[in-house]
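Asks: Output the structure for:
(chains A, B and C)
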Amino acid sequence: MKLSRSYYLHGDVVCLARDLLGKTLYTRIDGNLTGGIITETEAYRGIGDRASHAWNGSRTARNEVMYAAGGVAYVFLCYGVHYLFNVVTNNRNIPDAILIRGLIPTTGEKIMADRWGKEIKPGEAIYGPGRVSRLLSILPGHNGISLTGDTIWIEQGRTDNRKMSIKASSRIGVDYAGEDANLPYRFTCIPG
DNA sequence: CTGTAGATCGTCT
DNA sequence: GACGATCTACAGA
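Replies: Residues are numbered from 1 along each chain as shown, chains lettered A, B, ... in the order given. Sure, this is the predicted structure:
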């Protein structure tokens, strides 16, 4: 069951980042269906969050899609090498987003292994936002597309995340954000 | 196991 | 012109 558009309009991005754990992210790119259970996320909270591209109201061609209504993809190039995939949330003109940092492949594992160039063991968790987008073949061309369409979407899945062990911790690679780097906006889980 | 250098380019100042 | 919401390979202990 696909998450509906209204799901992404929720006003608390930190709450949503936590809620996404245990759900399944799918992509269908060039006819290849791949997907996995989300195990790690980070919330980026609007214009007041120094770690966010939208900090201090910054609004440019790159981050424009963060200002769209929730339920679309935000994809950007990081370090000139990796594409990072975010879920845009909240209402129009409120630039909240959730970075997907890790998942456990459950669909199309062989396709993902080919894209990665490495073997993926059954049940093995993949950590790292750059790897996630590479395995799912998410590219800049997907920036701004709807998450309720047939290319990238998220399903509720079977996992009840109230029964998972969920941890909150500080976000990765955002030392430039000063005190905001210490906010507990990173969520990890061990499905069980 | 830990540490670190290099890759590589769009974006913002 | 500087710098990333990173990953990998490789060196050393």
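Asks: residues in chain A within reach of DNA strand B, list them.
Replies: For chain A, the contact set with DNA strand B under C-beta under 7 Å from any atom of the strand comprises A:H53, A:S58, A:T60, A:A61, A:R62, A:N63, A:F76, A:L77, A:Y79, A:G80, A:V81. Backbone N, C-alpha and C define where each C-beta goes, glycine included.
Asks: May I have the residues that are in contact with the most centrally placed residue in chain A?
Replies: Nearest to the geometric centre of chain A sits A:I100, at 2.6 Å (C-alpha atoms, centre = their mean). A:I100 sits next to A:L20, A:L25, A:I38, A:E40, A:T41, A:F85, A:N86, A:V87, A:P129, A:V132 when contact means C-beta atoms under 8 Å, 6 or more residues apart in numbering.
Asks: And for A:Y8?
Replies: Applying C-beta under 8 Å, 6+ apart, one finds that A:Y8 lies in contact with A:L16, A:A69, A:G70, A:G71, A:V87, A:V88, A:T89, A:N90, A:L147.
Asks: bridging residues for the residue nearest to the centre of chain A?
Replies: Residues found in beta-bridge contact with A:I100 (criterion: DSSP bridges) are A:T41.
Asks: sorry, back to before: which ones among the contacts of A:I100 map onto strands?
Replies: Filtering the contacts of A:I100 for membership in strands, criterion DSSP state E, returns A:L25, A:I38, A:E40, A:T41, A:F85, A:N86, A:V87.
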